[in-house]
Every structure is written in C-alpha cells, then in structure tokens.
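Asker: Quick one: sequence and predicted model below, then my questions.
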Amino acid sequence: LVTRLSVSAGGFDLDAAAHICLPAADTAAIRALLEELSDHSLLVRDSGADAPVWRMLDFIRDFAARRLEPERRAELEQRRAQYYLARLQAAAGDSSSRQPEAFFRLHAGNLDAAVNWAIASRQSGLGFELADLLDPYWTRFGYLREWLDQVKRLLALPDDSPPALRADRLANAADLAWQQHDFDTALDFASQAAGLGRSANLSGSLAGYINRLGRIHMEQGRYAEARQALDECLALAQANPSSFNPGIPLAQLGELAWLNGRLDEAAGILTDALNRLPDSEPIFRAIATADLAEIALARNDFTDARRWLAQAPPLNLLPVRRKVVHLTAAAGWLAELPGGREDQRRAAARLIGAVEGLTERSGVMLGGFYRNLLAGRLNVLRRGLSAGILEAELAAGRRLDQDSALAEAAEGLKSLKVGS
C-alpha cells in the first residue's frame with residue numbers, strides 16, 4: 001500500500017486510496033492499514049478534516065516511488081485519472097456549492113497530476129473530459145497559470161471532437177490567456193474558435209466567440225476593434241436572442257463606453273444589459289454592477305455606488321477576476337466616502353492589498369485603466385493614513401483569501417453609512 005500510495009500528489013481520502021491502490025480489498029481493512037501507517041509516521045493524518053484525510057511526506061513518497069515497478073505505476077496513474085474523472089462527474093451534478101469546493105481543495109494536486117498523465121500518455125479524450133470538468137474550478141480558485149499551460153499542451157494533441165466542442169474548448173483557453181494578458185495566445189485560440197463557428201455554421205455559439213474577441217481587444221486597449229467585434233456580436237444576438245442573450249454584448253459595450261469616459265452612455269447601456277440578463281448569467285451581471293458602481297463613484301454618487309455593489313450576484317462561485325474587479329470598486333467606495341473615518345480607510349487599504357495578493361497568486365492581470373484606479377485610491381489613502389498603518393493594512397489584505405476579502409468588502413459596505 002505504501003508503494004502504491006506514492007503516486008498520490010497531495011492529500012487523499014479513504015475512497016481515493018481504496019479505488020486507486022487496492023480496488024479489490026475491503027474498505028474497512030484499507031482504513032485500518034491507513035491508520036496503522038499513520039501510527040508509524042509513514043502517513044500524516046489531517047485531524048482537522050471532517051472525514052479522515054492523509055498525505056505522505058515528500059521524502060517518504062520518493063523512497064516508496066523508487067520501489068514501484070514502472071508497469072504498476074502506469075496502471076495506478078491510469079486508474080487515478082479514471083477515478084477522478086468519475087469524482088468530477090459526480091461533483092458536477094452536486095447542487096451544493098460547498099462540497100465541490102471542499103473536494104477540489106483536497107484533491108487539487110491529484111487532479112493536476114491526472115491531467116498531466118492524460119497529456120503525457122497522449123490520451124486526448126481522457127484529458128479533454130477532465131479539462132472540461134476542471135475548468136470552472138481552476139478559474140474560480142485562481143490557478144490560471146498552471147491551467148493555461150496544461151490546456152495549451154492538451155489542445156496540441158490530436159483531437160477528433162465535434163467542431164462545436166473543439167470551439168468551446170478553444171474559447172475557454174482564450175479566456176485563460178487574456179486574463180493573464182497573454183494576448184497572442186488568446187487571439188490565436190479565440191480566432192480559431194470563431195473560425196470554427198463560421199465554417200461549421202455554429203450559429204448558436206458564434207456570437208459568444210465574437211464577443212470574446214471583443215473582450216480581448218478591449219483588454220489590449222484596441223477600442224475600435226473591440227467595438228467592431230462587439231457590434232457584430234450584438235447583431236447576431238439580436239437576430240437570435242434565444243441562443244445568445246443580447247445583454248452579454250451590451251454589458252461589454254457599456255464597459256467600453258465607460259473606459260472611453262462616456263459615463264451617461266455607459267450607464268444607459270449597462271442598465272439595459274442588466275434588465276436583459278437573467279440570474280443564470282452571473283458573470284455578465286457582475287460586470288454590469290461593478291461598472292455601474294464605478295460610474296457612480298466617478299460622479300461622487302456614493303449612495304448609488306453602494307446600491308450597485310449590493311446588487312452584485314453571488315461572487316464566491318465566479319472566476320477570480322470578477323472578485324478582484326468587485327473588490328476594486330468596493331475599495332474605491334471605502335477610500336473616497338465622505339467622512340474620513342480611519343476604520344473606513346483601513347478597510348479600503350486591506351481590500352487593495354487583497355486585490356494585489358489575489359492577482360499575484362492567480363496570474364490575473366488588470367489593465368492600465370484599473371491599475372490607475374487603484375493608484376488613485378492609494379493616493380487618497382496616503383493622505384489619510386500614516387505610512388506605517390497603510391503598509392500594515394496592505395500587507396494584511398495581501399494575506400486574505402478570496403472568501404475573506406469578499407466578506408470584508410460586504411461588511412464594510414453594510415456597516416458604513418454615506419456621510420457618516
């Protein structure tokens with residue numbers, strides 16, 4: 001059992017150990033073995049978990065791995081990939097938001113290793129099945145750098161998927177790339193997706209691929225090209241709204257108007273977008289609410305800014321970029337709110353620190369427009385906080401995880417009154 005467990009990468013639970021290492025054995029017997037190995041310090045048991053969780057120290061894993069025959073290792077690697085595919089499929093059908101999160105955080109190392117095995121063994125079908133199910137987790141928890149590298153290697157393998165599925169995978173890879181400002185990769189993948197959409201007559205999906213091109217150009221600061229792509233997307237959506245909601249390109253067009261300083265036009269377009277977007281489109285609703293809050297801040301309308309921030313959809317399940325943008329707006333509200341209370345300014349500094357920490361750890365890049373917003377808000381805070389306090393709060397914010405940062409933002413918006 002020790003030699004077989006050496007394929008593990010990070011933590012594992014009883015079910016994983018049983019199915020991967022000794023699938024024919026009795027589960028109770030395997031648990032007894034795991035407990036015995038823990039007693040002899042060959043495994044480390046996490047006593048804080050709801051259910052038993054084990055892991056191997058690196059030097060023990062290396063020792064055991066040297067005693068595992070290559071043929072047996074390949075068998076275990078294959079079994080692990082199939083096992084985690086089944087676990088992901090089960091998690092995808094779970095309506096609970098916490099169970100899939102706990103599953104991912106425990107098994108992230110093994111999930112990563114499973115994809116790497118599929119790529120190394122050139123099993124593109126298995127790799128794509130894993131990748132399709134993992135993409136929401138990697139983007140939500142901020143593993144963009146690692147995930148883009150894997151997806152690029154996966155997309156380079158032979159792929160006999162239908163054009164619609166291939167195009168969707170290319171589009172998802174483009175999202176990973178543009179959020180890290182790898183624009184060459186993003187445009188390559190997004191253009192391939194749009195090309196497949198046109199050549200295969202994927203009328204229901206083409207608007208989404210064109211919208212993505214507009215997003216990339218917007219991030220590049222190529223606003224004329226962004227407008228051209230988004231106008232085309234809007235026309236496609238208006239011609240077939242049941243396939244692609246027009247509120248999606250409208251949210252992007254509203255942001256484009258805001259970036260160009262046309263505040264009244266932007267507010268009108270974004271409000272129209274929100275009226276069209278259902279709850280099932282939380283990413284684009286989050287774009288619209290954050291942008292409307294920023295427009296209100298630019299007008300010194302702090303009541304309206306807080307109202308829009310409060311209308312943001314639940315952010316904990318969204319990609320890390322949406323959280324970062326929301327935190328940027330919330331930090332602006334706290335930093336610039338009239339009244340000048342120190343606790344308000346400290347909270348703003350922690351949120352700016354959280355933005356810095358989350359972007360650094362995830363690989364998400366913010367464009368120059370957002371960087372200027374953050375720099376301006378830091379300048380406001382420098383006038384109201386001592387250098388020592390400001391640096392201490394920024395450092396504390398950098399250590400916050402996503403959920404803690406969102407909770408601090410929500411608390412700040414709830415507890416402080418405009419004009420207090």
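Answerer: Perfect, thanks for sending it. Note that the structure is a prediction, hence the values are computed from the model and not measured.
Asker: helix, strand or coil for residue 8?
Answerer: State at residue 8, reduced to three classes by DSSP: H, G, I helix; E, B strand; the rest coil: coil.
Asker: what do you get for residue 255?
Answerer: Following three-state DSSP, we place residue 255 in the helix state.
Asker: what helices or strands is the helix or strand where residue 150 lies leaning on?
Answerer: Residue 150 is part of helix 144-155 when elements are defined by DSSP states H and E. Counting by 3 or more CB pairs under 8 Å, 6 or more residues apart in numbering; DSSP states H and E, the packing neighbours recorded for helix 144-155 are helix 98-120, helix 124-141, helix 163-179, helix 183-199. Placement of C-beta: from N, CA and C, glycine included.
Asker: Pick the most buried one from those helices.
Answerer: When you average the neighbours per residue for each of the helices and strands packed on helix 144-155 (mean count of other CB atoms under 10 Å), helix 163-179 leads with a mean of 22.
Asker: Let me see the confidence value for the nearest residue to residue 399 once chain neighbours are set aside.
Answerer: In space, and not counting its chain neighbours, residue 399 is closest to residue 357: 6.6 Å by CB to CB, 6 or more residues apart in numbering. Per-residue confidence (pLDDT) for residue 357: 97.
Asker: Look up how far residue 402 lies from residue 357.
Answerer: Between residue 357 and residue 402 the computed distance is 10 Å (CB to CB, to the nearest Å).
Asker: now swap in residue 296 and tell me
Answerer: Taken as CB to CB, the span from residue 296 to residue 402 is 24 Å.
Asker: Could you do residue 346 as well?
Answerer: In this structure, residue 346 and residue 402 are 20 Å apart, going by CB to CB.
Asker: Repeat that for residue 367.
Answerer: Following CB to CB, the distance that separates residue 367 from residue 402 is 21 Å.
Asker: Tell me which of these two has more neighbours.
Answerer: Relative neighbour count places residue 402 above the other of residue 367 and residue 402, with 22 against 13, counting by other CB atoms under 10 Å.
Asker: Report the spatially nearest residue to the more buried one, omitting neighbours in sequence.
Answerer: Spatial nearest neighbour of residue 402, chain neighbours left out: residue 323 (5.5 Å); criterion: CB to CB, 6+ apart.
Asker: and the one you found, what helix or strand is that in?
Answerer: Counting by DSSP H and E, the element that carries residue 323 is helix 320-336.
Asker: can you give me the angle that helix makes with helix 163-179?
Answerer: Regarding helix 320-336 and helix 163-179, their directions subtend 30 degrees when assessed with axes from the mean of the first three to the mean of the last three CA atoms, to 10 degrees.
Asker: In this structure the residue nearest to residue 402 contacts residue 315, no?
Answerer: Yes. Contact status for residue 323 versus residue 315: in contact at 5.3 Å, counting by CB atoms under 8 Å.
Asker: More neighbours: which of the two?
Answerer: Comparing residue 323 with residue 315 by neighbour count (other CB under 10 Å), the higher total belongs to residue 323, at 26 against 23.
Asker: Pull up the gap between the more buried one and residue 376, please.
Answerer: 21 Å.
Asker: again, but for residue 270
Answerer: Distance from residue 270 to residue 376, counting by CB to CB: 21 Å.
Asker: The two - which one has more neighbours?
Answerer: Counted by other CB under 10 Å, residue 270 and residue 376 do not tie: residue 270 has more neighbours, with 27 against 13.
Asker: what's the least confident helix or strand in this protein, going by average pLDDT?
Answerer: Using mean pLDDT, DSSP states H and E, helix 98-120 stands out as the lowest-scoring helix or strand of the chain, at a mean of 87.
Asker: what is the orientation angle of it with helix 144-155?
Answerer: The directions of helix 98-120 and helix 144-155 differ by 50 degrees, with the same axes, to 10 degrees as the criterion.
Asker: Report all helices and strands that helix 98-120 contacts.
Answerer: Taking 3+ CB pairs under 8 Å, 6+ apart as the contact definition, the neighbouring helices and strands of helix 98-120 are strand 12-13, helix 70-92, helix 124-141, helix 144-155.
Asker: Could you give me the buried positions within the one helix or strand residue 284 maps to?
Answerer: When elements are defined using DSSP H and E, residue 284 is found to belong to helix 282-298. Using 16 or more other CB atoms under 10 Å as the burial criterion, the residues of helix 282-298 that qualify are 282, 284-297.
Asker: Run the chain-centre distance for stretch 407-415.
Answerer: Going by CA atoms, centre = their mean, to the nearest Å, the spacing between the C-alpha centre of stretch 407-415 and its chain's C-alpha centre is 22 Å.
Asker: One more: stretch 182-199?
Answerer: On the basis of CA atoms, centre = their mean, stretch 182-199 sits 21 Å off its chain's mean C-alpha point.
Asker: Likewise for stretch 262-272?
Answerer: On the basis of CA atoms, centre = their mean, stretch 262-272 is displaced by 27 Å from the centre of the chain it belongs to.
Asker: and what of stretch 363-370?
Answerer: Average the C-alpha atoms of stretch 363-370, do the same for its chain, and the two points are 15 Å apart (CA atoms, centre = their mean).
Asker: Out of the helices and strands packed on helix 144-155, which is closest to residue 409?
Answerer: helix 124-141 (17.4 Å; CB to CB).
Asker: what helices or strands is that closest one leaning on?
Answerer: Under the contact rule (3+ CB pairs under 8 Å, 6+ apart), helix 124-141 is packed against helix 70-92, helix 98-120, helix 144-155, helix 163-179, helix 320-336.
Asker: In JSON lines, list those along with distance to residue 216.
Answerer: Below are those laid out as JSON lines (distance: least, CB to CB, whole Å):
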{"stretch": "helix 70-92", "distance to residue 216": "28"}
{"stretch": "helix 98-120", "distance to residue 216": "25"}
{"stretch": "helix 144-155", "distance to residue 216": "14"}
{"stretch": "helix 163-179", "distance to residue 216": "5"}
{"stretch": "helix 320-336", "distance to residue 216": "13"}
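Asker: of those helices, which approaches residue 55 most closely?
Answerer: If you check each of the helices and strands packed on helix 124-141 against residue 55 by CB to CB, helix 98-120 wins as the nearest, at 9.0 Å.
Asker: quick one: contacts of the closest one?
Answerer: Helix 98-120 is contacted by residues 7-13, 16, 49-50, 53, 77-78, 80-81, 84-85, 87-88, 91-92, 94, 124, 126-127, 130-131, 134, 137, 141, 143, 146, 150, 153-154, 157 when judged by CB atoms under 8 Å, 6 or more residues apart in numbering.
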